[in-house]
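Participant: Predicted coordinates and the sequence they were generated for:
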Amino acid sequence: MIRASALLFLTLLLIAGLTSRAHAGATLDRIRAAGSLPCGINIEEPEYSTQDAHGNHAVFDTDICKAVAVAVLGPNAKFTVMSYRDEQDALKALKSGEIALLATATPNYINSANKGFGFARPIFYDYQALFVNKTMGVATPHDLAGKKICFLGGTEIETQLTSYMQREKIKFLPFPFQEEGEMEAALVTRNCAAVTADVSQLGYERLGFKSVARNFEILPDVVAKDPLAPAYTLEDTQWAAIVNWTVEALIQAEESGVTQANLEEMKNSDDEVIRRLLGVHRGYGGFLGLDDAWAARVIEAVGNYGEMFERDLGSGSVMKLARGANNLWTKGGLMYALPIR
């Protein structure tokens, strides 16, 4: 009986070892061999390319790089941040293997259709909005009827603005620019009643207005959706799962009330979701080819999703963006973690 039990135990150990090796994908092997994650961020230089409408969200992107690196390499993980001037350059680097992860990219039709790119769920619901001059009596999009709206000409921003105003039946005066600085000056000098770009870009534009910033407001109305999500190539399903579930873990941590500050205390929780998330309930890390503490390390390194957003984009950042759609589903937003089961 003892021999049979010992044989069964050894068999289970062998199966566990084979399962662990089977989960080891090429991307994870390369990253572990190098001891560092090569991760790309798009710094969105407006004078380099007019294809992108997002603002520079490098701090947020760097935290995403850090989160994934810590998940796979441990608490002292190294990661190399490689900056690209626009999204197309960043995606080329991802496709060539220069980077293993692009912290955020646009999961739109063109980027995802037959190009070999995969995307995690959106981690930042950016959107095209209207930045208005309140001193000109503008409080809603309909107040822009008959007024000039500035935008960078020949871009998707122009197309989307035109479509939105047609849907809302608002007749406005289009005022295209080729240079962003000139466009901002036109808004400040009241030559334009509003400018339009993605909220992430408008947040940075507002910083430059300094003492007169109080005269301007980003309206909550969505001109067009422009979400951002971590991107990877599709040939390695294990790596895709690791990136996907790192995002889910950040959101679940906020849903469950797990923070950087209370992480150790929460390991004593009786909540089974929290026990699985933090590796107290053993065995869940193995499904990704990781150890059970991987998600707890991520939270320790960057906090939960809400902490990361507020620090990098929200009230604790220079951009002061409202959570809006990036709030939890329980608070009227779109952030909803997939179940850990």
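Facilitator: Received the coordinates, thanks.
Participant: per the record, what domains does this protein have?
Facilitator: The record's domain parsing of the chain by automatic domain parsing lists 6-125+227-331, 132-225.
Participant: Turn these into TSV, columns for mean pLDDT and distance to Arg341.
Facilitator: All C-beta atoms are positioned from the backbone trio N, CA, C, and that covers glycine. Listed next are these as TSV, based on pLDDT from 0 to 100; distance: least, C-beta to C-beta, whole Å:
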stretch	mean pLDDT	distance to Arg341
domain 6-125+227-331	89	7
domain 132-225	93	30
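Participant: could you redo the ones you listed as a markdown table and give each row distance to Ile340 and mean neighbour count?
Facilitator: Formatted as a markdown table, those follow (distance: least, C-beta to C-beta, whole Å; neighbours: other C-beta atoms under 10 Å):
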| stretch | distance to Ile340 | mean neighbour count |
| --- | --- | --- |
| domain 6-125+227-331 | 5 | 18 |
| domain 132-225 | 28 | 17 |
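Participant: could I get those as TSV with distance to Leu338?
Facilitator: As requested, these are arranged in TSV below (distance: least, C-beta to C-beta, whole Å):
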stretch	distance to Leu338
domain 6-125+227-331	5
domain 132-225	21
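Participant: In this protein, mark out all the helices, start to finish.
Facilitator: 2-23, 26-34, 58-73, 87-96, 109-112, 156-167, 180-188, 199-207, 237-256, 263-266, 272-277, 294-302, 305-312 (DSSP state H).
Participant: Which residues are in contact with the residue nearest to Pro176 when sequence neighbours are not counted?
Facilitator: Counting by C-beta to C-beta, 6 or more residues apart in numbering, the nearest residue to Pro176 once its immediate chain neighbours are dropped is Gly153, at 2.9 Å. The neighbours of Gly153, taking C-beta atoms under 8 Å, 6 or more residues apart in numbering as the test, are 176-178.
Participant: ok, now how distant is Gly153 from Ala145?
Facilitator: 21 Å (C-beta to C-beta, to the nearest Å).
Participant: need the contact list for the closest residue to Ala194 other than its chain neighbours.
Facilitator: Leaving aside its sequence neighbours, Ala194 sits nearest to Val132 (C-beta to C-beta, 6+ apart; 4.4 Å). Residues near Val132 by C-beta under 8 Å, 6+ apart: 138-139, 143-144, 193-194, 216-217, 219.
Participant: Just put these in TSV and tack on distance to Glu235.
Facilitator: Formatted as TSV, the contacts of Val132 follow (distance: C-beta to C-beta, whole Å):
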residue	distance to Glu235
Val138	49
Ala139	50
Asp143	50
Leu144	47
Ala193	49
Ala194	44
Phe216	46
Glu217	46
Leu219	42
